[in-house]
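A.B. asks: Prediction below, plus the sequence it came from.
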Number of protein chains: 2
Amino acid sequence: MTRKQNGMDNRIAKVGSVDVAKLAGVSRSAVSRTFTEGAYVSAETRQKVLRAAEMLGYRPNILARSLTTNRTHILGIITTDLINPFYALLLQECIERIQDKGLAAFVLRAAETDNDELISRLLSYQVDGVILANTKLASRTALDLANSGKPVVTINRYVDLDEITSVTCDNEEAGAQVADHLIAIGRKRIAFIAGDPDTSSSRDRERGFKQRLAEHGLKVQRESIGFYTHDGGAAAARMLLSPGTKPDAIFAANDLMGFAALDVAKLEFGLRVPDDIAIIGFDNAMAADWPAYRLSSVDQNIPRMVDVAIEEILSRLSGERSRTRHFRIATNLVARESTGATKMKD
Amino acid sequence: MTRKQNGMDNRIAKVGSVDVAKLAGVSRSAVSRTFTEGAYVSAETRQKVLRAAEMLGYRPNILARSLTTNRTHILGIITTDLINPFYALLLQECIERIQDKGLAAFVLRAAETDNDELISRLLSYQVDGVILANTKLASRTALDLANSGKPVVTINRYVDLDEITSVTCDNEEAGAQVADHLIAIGRKRIAFIAGDPDTSSSRDRERGFKQRLAEHGLKVQRESIGFYTHDGGAAAARMLLSPGTKPDAIFAANDLMGFAALDVAKLEFGLRVPDDIAIIGFDNAMAADWPAYRLSSVDQNIPRMVDVAIEEILSRLSGERSRTRHFRIATNLVARESTGATKMKD
DNA sequence: CTGAAAGCGCTTACAG
DNA sequence: CTGAAAGCGCTTACAG
């Protein structure tokens, strides 16, 4: 036992497989095998080892193991601003799923720039794969990553280059469904608040939305950019509601902007929602269901997205397929009072 | 070079310190030294190594290093439900700070029960220390952790036993300040919505609040439990506002419940806020500042809390101090319209 | 300042 | 089914 009782160091002695082997009266190989899925050990040996391990409080050092197996069972997640509740939920789901699979999640927060060093650090830690959640990556960095041979998948974004597998909701179809919904409730003067124009999510939602409107002979009457933030959404809404022909509906590319638009319309312009103006957001954030808002929105099915992403990484790790794919997960429009749905009394 | 070009395996050949050494014409010791803070290498050797490393795309394997240094530079964070925006922000801050320190953050999500296995897994990964963010831990588990010799600190909670260092905001003082505030605006019939009664945070807020009220000859007129959730808060508010002497102020132990109370008061009971009833929450969530709510709240100074927690872990790791401490970080009451502050026009 | 050698805690063919 | 030995990628006294 490597007991180092030198002076101040009152740390617990680390127990290794040797210690267990010694106590159990077997070889280190035997203890290794009892802790290795599907390795050959007799029931008897296994028992002896388990008992000894229990007594000593032995826990295999996963990091040491990774040195020989070449698998760390660590997945890296790069995320951005968790003040956006959708991102927080997405991250939570990733963490949970990874955990359920018996893997560990390394979480890094990406600044807007300078992600190269982050990636480099991730690779130093020998992660088995990486999930880019809501992260824009410089194309070069993305390529480097792809070339590292590690499975990489982006969630809720995709990179221009086709080298990297992505999982997003079906933003384009979702945009179209929002158009259908607004048309169905008889709106004609329709406005749009874009998210961050740099993101694929905002662009796809916009494209699907406008295209479906066009199929019905309509077009967006006014539009503005809200950058996916509450303040940005408020500013955009003020612009859309400024003098002139006011819209009778607003589609905000996320809920944060939808909440802002709702508040601006009601409190600053004295409009009635949905009578004077219908408003719909995107993400189906928790607050969309709160009485003060009752904001119609689009649910992204986060669990499914994360599931697909992780399965993809796992199957790559087991060497199954390797073609890059772009998964589109179906969304679900949730109609609430902000677009005229009557309140459900529970 | 360990190039394994066997068949389907198109993975990039892993380059190790041997490869770099060979290319640079030096020993592995030399390359190790150039990548080790403050080790002796001549400028010349260093250059050769750096150049070779650059060419090969070499990155030291941190995990392998940890085997001999006994430091992984990984910190484990155990968090709970990120749907609570305060928790999400706290986690974000932890991740960011850890990253800034050049460490890596392992994030686990704790279920309500069964955390033992989680902890065990964390220890398998040889984390250098662990942060328990908003996590209740079975006392036994907590003790095990403390006994593992790893620095552990809880944020926003503390465990009954005194073995573990904690960082929280000064919940008791904050509760007292809320009492002062409500008294200052002339309220007399004061109600309280508790969070999860199992948490130290809720209990401490309540204690400070009631004590200060008592000092002014007042007491909580009605109280209920909202379990820190929106729905729980709504139910609690309905109870508080039921027939009888209605309160003229409510202190909700977090914002989620505060929002719910505000909505219930306004929309279900037709009360004017703050004229008929003043409402104040806790956490200063983003939505507290939204026009629909303008909810007075208490800001917890997350950056400071996280800073203290991480410094504590770091200083323990460098063997400096070891006495358990309970840090209390000062809060800041943010008065908004829900308790009568006039709106700031920006 | 530098290199050879031993060691960190595990796993894995290889014989038996 | 089991054990001795070599190896994973690094670091660190130890000599020089």
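C.D. replies: Structure received. Numbering: from 1, shown residues only, chains lettered A, B, ... in the order given.
A.B. asks: Helices along chain A, start to end?
C.D. replies: A:17-24, A:28-34, A:43-56, A:62-69, A:85-100, A:115-124, A:139-147, A:171-184, A:200-215, A:230-240, A:255-263, A:302-317 (DSSP state H).
A.B. asks: Please identify the deepest-packed of the ones you listed.
C.D. replies: Each of these was scored by mean neighbour count; the highest is helix A:255-263, a mean of 29, by mean count of other C-beta atoms under 10 Å in any protein chain shown. C-beta here means a position set from N, CA and C on the backbone, and glycine is covered the same way.
A.B. asks: Identify the residues contacting A:A249.
C.D. replies: Contacts of A:A249 were listed using C-beta atoms under 8 Å, 6 or more residues apart in numbering or on different chains, and they are A:182, A:185, A:187, A:189-191, A:277-280, A:339.
A.B. asks: returning to what we had before: just so I know, which of the helices of chain A lies nearest B:L256?
C.D. replies: For the helices of chain A, the distance to B:L256 is smallest for helix A:85-100, at 11.7 Å, taking C-beta to C-beta.
A.B. asks: just checking, A:A64 touches B:L67?
C.D. replies: Yes: if you go by C-beta atoms under 8 Å, A:A64 and B:L67 touch, sitting 5.7 Å apart.
A.B. asks: unless I'm mixing things up, A:R51 is touching A:A24, no?
C.D. replies: Yes: applying C-beta under 8 Å, one finds A:R51 in contact with A:A24, separated by 7.1 Å.
A.B. asks: Could you tell me which residues make contact with A:Y58?
C.D. replies: A:15-17, A:19-20, A:31, A:52.
A.B. asks: Please see if stretch A:70-88 touches DNA strand C.
C.D. replies: No: if you take C-beta under 7 Å from any atom of the strand as the test, stretch A:70-88 misses DNA strand C, and the best it gets is 8.4 Å.
A.B. asks: okay, how far is it across that stretch, tip to tip?
C.D. replies: 31 Å (C-alpha to C-alpha, to the nearest Å).
A.B. asks: One more: stretch A:72-91?
C.D. replies: 21 Å.
A.B. asks: swap in stretch A:126-144?
C.D. replies: End-to-end for stretch A:126-144, by C-alpha to C-alpha: 15 Å.
A.B. asks: ok so, going back, which ones among the contacts of A:A249 are found in strands?
C.D. replies: Among the contacts of A:A249, DSSP state E puts A:190-191, A:278-280 in strands.
A.B. asks: Might you enumerate the residues of chain A proximal to DNA strand C?
C.D. replies: Applying C-beta under 7 Å from any atom of the strand, one finds that chain A approaches DNA strand C through A:2, A:14, A:16-18, A:28-29, A:31-33, A:35-36, A:39, A:58-61, A:64-65, A:67-69.
A.B. asks: And chain A, what are its domain boundaries?
C.D. replies: With domains defined by automatic domain parsing, chain A comprises A:17-60, A:73-169+A:302-329, A:171-300+A:334-339.
A.B. asks: Quick one: the ones you listed as JSON lines, columns for distance to B:R316 too.
C.D. replies: Output for the domains of chain A, formatted as JSON lines (distance: least, C-beta to C-beta, whole Å):
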{"stretch": "domain A:17-60", "distance to B:R316": "21"}
{"stretch": "domain A:73-169+A:302-329", "distance to B:R316": "22"}
{"stretch": "domain A:171-300+A:334-339", "distance to B:R316": "37"}
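A.B. asks: Distance to DNA strand D and mean pLDDT for these - can I get that in JSON lines?
C.D. replies: Shown next, in JSON lines, are the domains of chain A (distance: least, C-beta to the nearest atom of the strand, whole Å; pLDDT from 0 to 100):
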{"stretch": "domain A:17-60", "distance to DNA strand D": "3", "mean pLDDT": "88"}
{"stretch": "domain A:73-169+A:302-329", "distance to DNA strand D": "9", "mean pLDDT": "87"}
{"stretch": "domain A:171-300+A:334-339", "distance to DNA strand D": "36", "mean pLDDT": "96"}
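A.B. asks: Can you get me a residue count around the nearest residue to A:D198 once chain neighbours are set aside?
C.D. replies: Leaving out its chain neighbours, the residue that sits closest to A:D198 by C-beta to C-beta, 6 or more residues apart in numbering or on different chains is A:K136, at 6.5 Å. By the criterion of other C-beta atoms under 10 Å in any protein chain shown, A:K136 has 20 neighbours.
A.B. asks: if we can go back for a sec, most neighbours of all the contacts of A:A249, which one?
C.D. replies: The residue in the contacts of A:A249 with the most neighbours, by other C-beta under 10 Å, is A:I279 (33 neighbours).
A.B. asks: Just confirm it contacts A:A252, I think it does.
C.D. replies: Yes: shown here, A:I279 and A:A252 form a contact pair, counting by C-beta under 8 Å, at 6.9 Å.
A.B. asks: List the contacts of the residue sitting nearest the centre point of chain A.
C.D. replies: By C-alpha atoms, centre = their mean, the mean C-alpha position of chain A lies nearest to A:L90, the distance being 3.6 Å. By C-beta under 8 Å, 6+ apart, A:L90 lies in contact with A:79, A:133-134, A:155-156, A:302, A:305-306.
A.B. asks: and of the residues you listed, the nearest to DNA strand C?
C.D. replies: For those, the residue nearest DNA strand C by C-beta to the nearest atom of the strand is A:V306; the value is 28.3 Å.
A.B. asks: So which bits of the stretch 51-200 of chain A are right by chain B?
C.D. replies: Contact residues, the stretch 51-200 of chain A versus chain B (C-beta under 8 Å from any C-beta of the partner chain): A:59-64, A:66-67, A:72, A:74, A:81-83, A:85, A:88-89, A:91-92, A:95-96, A:99, A:104-109, A:118, A:120-121, A:123-126, A:147-149.
A.B. asks: mind listing what the residue of the stretch 101-250 of chain A found nearest DNA strand C touches?
C.D. replies: Closest to DNA strand C within the stretch 101-250 of chain A is A:Q126: 12.8 Å, counting by C-beta to the nearest atom of the strand. A:Q126 makes contacts with A:66, A:72, A:74, B:61-63, as judged by C-beta under 8 Å, 6+ apart.
A.B. asks: The stretch 201-346 of chain A against chain B: which residues are in contact?
C.D. replies: Residues of the stretch 201-346 of chain A lying near chain B by C-beta under 8 Å from any C-beta: A:230, A:259-260, A:262-264, A:267-268, A:286-287, A:290-293, A:319.
A.B. asks: rerun at 6 Å
C.D. replies: Proximity of the stretch 201-346 of chain A to chain B (C-beta under 6 Å from any C-beta of the partner chain) is limited to residues A:263, A:267, A:291-292.
A.B. asks: With distance to B:A142 added, can I get the residues you listed in CSV?
C.D. replies: Converted to CSV, these look like this (distance: C-beta to C-beta, whole Å):
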residue, distance to B:A142
A:D263, 44
A:L267, 47
A:P291, 39
A:A292, 39
